[in-house]
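In: One predicted model, sequence on top.
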Amino acid sequence: MTMALPTSPGKGRGRPFKRFHWLIEPYLYLSPAIILIALVMLVPLVVGISYAFQSISLLNPFETGWVGFANFEKLWADRLFWKALTNTFWWTLGSLFFQFFSASVWRYCSIVLLQVVAWCRHWCSCHGPCRPSCQA
């Protein structure tokens, strides 16, 4: 009669697999969402890049032809493109400045308001009805 020797608790065969499963499990739960987000972001990006190298008509989108860099050559030569790019740059810069400036003003006003509220609470707790005056 042979008897199997008991193994110590930490040295079983299933231990490395359990550790791997424990490490990989959160990513398995997140993988459908990550795949969906990647598809929603990457498919339009790839389609848009492919459109840049094609001649596409909006009225007949299925009759396309590859034109290579011809669209980009037209773009670089167009003065309206450079005007639009300049306007976009200034609009972005202006909106960023406005957002940072308004956030800074809002932060300063909220700090001052919190200090006023703290002072009012302190004053009311010291000088309220039936209270002796505070020494602090």
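Out: Cool, the structure landed. Owing to the predicted nature of the structure, the values given are computational and were not obtained by experimental measurement. Numbering: from 1, shown residues only.
In: Do me a favour and average the pLDDT over stretch 86-94.
Out: Average pLDDT, stretch 86-94: 97.
In: ok, residues contacting stretch 79-89?
Out: L75 (CB atoms under 8 Å, 6 or more residues apart in numbering). From N, CA and C alone the C-beta is placed, and that goes for glycine too.
In: try 10 Å this time
Out: 74-76, 78 (CB atoms under 10 Å, 6 or more residues apart in numbering).
In: so who does the residue nearest to the spatial centre of the chain touch?
Out: Per CA atoms, centre = their mean, the C-alpha nearest to the average position across the chain is that of I37, at 12.3 Å. Residues counted as contacts of I37 (CB under 10 Å, 6+ apart) are L30.
In: same question, F20
Out: Applying CB under 10 Å, 6+ apart, no residues qualify as near F20.
In: Identify the spatial nearest neighbour of E63, chain neighbours not counted.
Out: S57 (6.7 Å; CB to CB, 6 or more residues apart in numbering).
In: For the one you found, grab phi and psi.
Out: The phi/psi pair for S57 (degrees, to the nearest 10) reads phi -110, psi 130.
In: give the contact list for P61.
Out: Neighbours of P61 in contact, by CB under 10 Å, 6+ apart: 51, 54.
In: Next, it: secondary structure please.
Out: Per DSSP: H, G, I helix; E, B strand; the rest coil, the secondary structure class of P61 is coil.
In: Quick one: distance of the helix or strand containing E25 to the chain centre.
Out: Taking DSSP states H and E as the definition, E25 sits inside helix 15-52. Put simply, helix 15-52 sits 16 Å off its chain's centre (CA atoms, centre = their mean, to the nearest Å).
In: ok, now stretch 111-123?
Out: What separates the centre of stretch 111-123 from the centre of its chain is 35 Å, taken as CA atoms, centre = their mean.
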